[in-house]
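Visitor: Could you look at this predicted model? Sequence included:
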Protein chains: 2
Amino acid sequence: MYTYEYPRPALTVDCVIFGLDENVLKVLLIQRLKAPFEGSWALPGGFVDMRETIDHAAQRELQEETGLENIYMEQLYTFGDVDRDPRGRVVSVAYYALVKFEDYKKVRGATDAMDAAWFAVSELPPLAFDHDKILALAHQRLKNKLRYQPIGFELLPEKFTFSQLQTMYETIWQKELDKRNFRKKILQLGFVMELEEYQTGHQHRAPRLYKFDKEGYLSREAKGADFEG
Amino acid sequence: MYTYEYPRPALTVDCVIFGLDENVLKVLLIQRLKAPFEGSWALPGGFVDMRETIDHAAQRELQEETGLENIYMEQLYTFGDVDRDPRGRVVSVAYYALVKFEDYKKVRGATDAMDAAWFAVSELPPLAFDHDKILALAHQRLKNKLRYQPIGFELLPEKFTFSQLQTMYETIWQKELDKRNFRKKILQLGFVMELEEYQTGHQHRAPRLYKFDKEGYLSREAKGADFEG
């Protein structure tokens, strides 16, 4: 037993792992083994140990509950509503990441989770706690990032068609985009480099290939940071 | 005394309040009354009560320690390094805001603070805990926001000159900007609207006035969110 002069909230982490599966945006959930919300689906997560950082807690809980390892997660937000957990005051630091579904489709439930599975974001089961709110904020953050930052290029082949790129944006934004506007905006952002290569396997009009212009992006980024570019 | 089956970190909030004072960026600090770091300067903040949200804790601690009320603060990041506090494991949720120094220059130390005062960000005293790290991240976040979002227009007069706007950016970024590049970039962002009015009190070449184009910004923002604009 541990005794303190003042009461303390419990501290947890929750992980929102988005997986891009062709043109479906998925999220990794676990099925809870214990009360509260026994049998319900929830985000992977759990209590922070005293001797680990919160970043480490997120990595450890994700690994323990789903088998996923070494996922680069970013901190999203800390959720501290007073009644968000029926067990009492629990504050949760949420993390999120976007991965290629193909590389992580085999997941397994373990420790506190009786099962782990990917669900399409558009067809979610009811979630435990305030996890629908956490997931919604993570999705919104991901959508916003995509407007300015070169997110998700590591999920595409090294050389890709504009159509593949557009599909990725449409899948994350969950809406169809106008082809011409999309092309114009992406070229303005300056993330992609046109190649003198075309996709093979087409009878007519083989589509041109592009790649992520990382150096160009980084140098513009360094300059643009203070409007010098 | 409060007893738990597992150990729990203590949970605090810290507030980074930036104040724009003409061409000086300031931050609001308090002088600690108690150990650890007794007598040191620190960010306003303190322990989260069990019956309040973390947002509320930030508002309350800021008010109690400095007298500032009803400041809209955004959550910045949660700091959870294991050894960040000599008292033991303390996790802190940091918040930040940018205010007009003029409106809040009278501050007072109270409760846990023996003094409260504004310091230029470029001339800070040594700070308690990891507060230099928290402050650095808050400043970085503010700088980044300025690149894309119309931050700080409520700190300027309703009608302002380009030079006033540039000074604000230079003050937050803490560097001089090229006038022509600045003008080009701001106009590209589409935040400001040119007026057919000129600043009075000039003998020659009275500078033109501008205002924040809020509706234009919001409608572009709504469209731009999915590259339709």
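Guide: That came in fine, so what should we check first?
Visitor: what pLDDT, on average, does stretch A:141-161 get?
Guide: For stretch A:141-161, mean pLDDT rounds to 91.
Visitor: Bridged to residue A:15, which residues?
Guide: residue A:95 (DSSP bridges).
Visitor: residues in contact with it?
Guide: A:28, A:43-45, A:58, A:61-62, A:73, A:94-97 (C-beta atoms under 8 Å, 6 or more residues apart in numbering or on different chains). Glycine gets a C-beta too; all of them are placed from N, C-alpha and C.
Visitor: Ok, residue A:119 next?
Guide: A:26-27, A:29, A:41, A:125.
Visitor: Among those, which ones are in strands?
Guide: A:26-27, A:29, A:41 (DSSP state E).
Visitor: Dump the residues you listed into CSV; add pLDDT, distance to chain B and neighbour count as well.
Guide: Compiled in CSV, the ones in strands among the contacts of residue A:119 are given as follows (pLDDT from 0 to 100; distance: C-beta to the nearest C-beta, whole Å; neighbours: other C-beta atoms under 10 Å in any protein chain shown):
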residue, pLDDT, distance to chain B, neighbour count
A:26, 97, 21, 23
A:27, 98, 21, 22
A:29, 97, 23, 28
A:41, 97, 25, 21
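Visitor: Show me which of the residues you listed is closest to residue A:141.
Guide: Of all the ones in strands among the contacts of residue A:119, residue A:141 sits closest to residue A:27, with 13.4 Å by C-beta to C-beta.
Visitor: so how far is residue A:43 from the closest one?
Guide: Applying C-beta to C-beta, to the nearest Å, the value for residue A:27 to residue A:43 is 8 Å.
Visitor: any shared contact partners between those two?
Guide: A:16, A:135.
Visitor: quick one, phi/psi of residue A:77?
Guide: Main-chain torsions, residue A:77, degrees, to the nearest 10: phi -180, psi 160.
Visitor: residues contacting it?
Guide: A:94, A:134, A:137, B:75.
Visitor: Name the helix or strand for the last one, please.
Guide: Per DSSP states H and E, residue B:75 falls inside strand B:74-79.
Visitor: Enumerate every residue touching the closest residue to residue A:85 other than its chain neighbours.
Guide: Leaving aside its chain neighbours, residue A:85 sits nearest to residue A:129 (6.0 Å; criterion: C-beta to C-beta, 6 or more residues apart in numbering or on different chains). In this structure, residue A:129 makes contact with A:37, A:42, A:84-85, judged by C-beta under 8 Å, 6+ apart.
Visitor: Closest to residue B:195 out of these?
Guide: Nearest to residue B:195 among these, with distances taken as C-beta to C-beta, is residue A:84, at 47.6 Å.
Visitor: Roughly how far does the residue lying closest to that closest one once chain neighbours are set aside sit from chain B?
Guide: Leaving aside its sequence neighbours, residue A:84 sits nearest to residue A:130 (C-beta to C-beta, 6+ apart; 4.8 Å). From residue A:130 across to chain B, the span is 12 Å (C-beta to the nearest C-beta, to the nearest Å).
Visitor: which residues does residue A:130 contact?
Guide: For residue A:130, the contact set (C-beta under 8 Å, 6+ apart) comprises A:79, A:81, A:84.
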